[in-house]
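> next one to model:
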Amino acid sequence: MNIRLRHDKIVRSLRRNETSTIASLAEEVGVSRRTVLRDINALRDEGFIIHSEPGRGGGLRLDPQSVQTTARLSVAEVFALLVSVASMRAAGNLPFSKLADAGLAKIEKALPPDKVRDLRRFLDCLYVGELSPQVDISDMGIIDSSLLPTFETAFLKRLHLSFQYRDAKGVITNRTIEPQAMLILPPLWYLVAWDSTRKDFRHFRMDRISKPKCLQDTTFRRRHVPFEDHVRSVRNLSR
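Just a heads-up that it's a prediction; the model follows:
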């Protein structure tokens, strides 16, 4: 059981029971008493109020009004929220933008410094523009949910990416590329990549990408992508 799942299980146990002991929690989650003590301290650091009552009949008690105050979100999860807001803003459909931005700012502020650095590097790869009215979106599909976490790894570690791609005629091919940017042209999302076999940039619609996989130990250099004038970096959008 990883740390996050273990912490969630401890919190659920403390909410169910009026009091719990270190020994009973250790047995329930399958770790040592020392590990549970470290987990309790970590949960307190995250904002949970956990009282310790010594003596016979004592134990640990979670304040019923206690909530977590530190965000436990991955870079990909926070990035998904940010790009959703950015895409809605680009489409002119963000009626509560100030509230959304305030909430995202609080989440970002609660992230550890290393995650903030990764998030900013990830955001540097995101661009937003307007879709040409001539583009046919009648066949627009659903984007594979595994794309974003895989893209996170590929962009941050600069790893080559392989995937299956279905073109406009339905022909499926296997691609291996260097991911350079993500482009949102609402409602379409594109992966912008350098194709070393063709010695040029290629735009891949994300709803046509499947089975993405990072290729370990195959790094590449970041390239300047020549976007059109109407395309802007999401970091330059007014917030």
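> was I right about Thr153 contacting Leu147?
No. When contacts are counted by C-beta atoms under 8 Å, Thr153 is not listed as touching Leu147 (11.2 Å). C-betas here are computed from N, CA, C, even on glycine.
> which strands or helices does the biggest helix by length in the chain pack on?
For the chain, the helix that runs over the most residues, judged by DSSP state H, is helix 75-90. Packing partners of helix 75-90 (3 or more C-beta pairs under 8 Å, 6 or more residues apart in numbering; DSSP states H and E): helix 97-110, helix 113-123, strand 126-128, helix 147-157, strand 172-185.
> now that helix: mean pLDDT?
Taken as a whole, helix 75-90 has a mean pLDDT of 75.
> other residues contacting that helix?
Contacts to helix 75-90, defined as C-beta atoms under 8 Å, 6 or more residues apart in numbering, come from residues 71, 94, 97, 100-101, 104, 107-108, 111, 115, 118-119, 122-123, 126, 128-130, 148-149, 152, 156, 182, 184, 186, 189, 234, 237.
> could you turn the buried ones of those residues into a ChimeraX selection?
Command for ChimeraX that selects the buried part of the contacts of helix 75-90, burial taken from 16 or more other C-beta atoms under 10 Å:
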select :71,94,100,101,104,108,111,115,118,119,122,123,126,128,129,148,149,152,182,184,186,189,234
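> the spatially most central residue of the chain and Leu131, how far apart?
Central residue of the chain (C-alpha atoms, centre = their mean): Ala76, 1.2 Å from the mean position. Separation of Ala76 from Leu131 (C-beta to C-beta, to the nearest Å) stands at 25 Å.
> kindly report the same for Ser162.
27 Å.
> with His224 instead?
In this structure, His224 lies at 23 Å from Leu131, with C-beta to C-beta as the measure.
> in terms of neighbours, single out the busier of those two.
The residue with more neighbours, out of His224 and Leu131 and counting by other C-beta atoms under 10 Å, is Leu131; that gives 15 against 7.
> which stretches of the chain aren't confidently modelled?
1, 55-58, 67-72, 87, 89-94, 110, 236-239 (pLDDT under 70).
> quick check: which element contains Leu60?
Secondary structure from DSSP states H and E places Leu60 in strand 59-62.
> how far does that strand sit from the chain's center?
Strand 59-62 has its average C-alpha position 33 Å from the chain's average C-alpha position, going by C-alpha atoms, centre = their mean, to the nearest Å.
> how does this structure divide up, domain by domain?
3-62, 75-236 (automatic domain parsing).
> can you lay out the helices and strands packed on helix 75-90 as JSON lines showing distance to Glu46?
What follows is the helices and strands packed on helix 75-90, written out as JSON lines (distance: least, C-beta to C-beta, whole Å):
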{"stretch": "helix 97-110", "distance to Glu46": "9"}
{"stretch": "helix 113-123", "distance to Glu46": "14"}
{"stretch": "strand 126-128", "distance to Glu46": "29"}
{"stretch": "helix 147-157", "distance to Glu46": "23"}
{"stretch": "strand 172-185", "distance to Glu46": "31"}
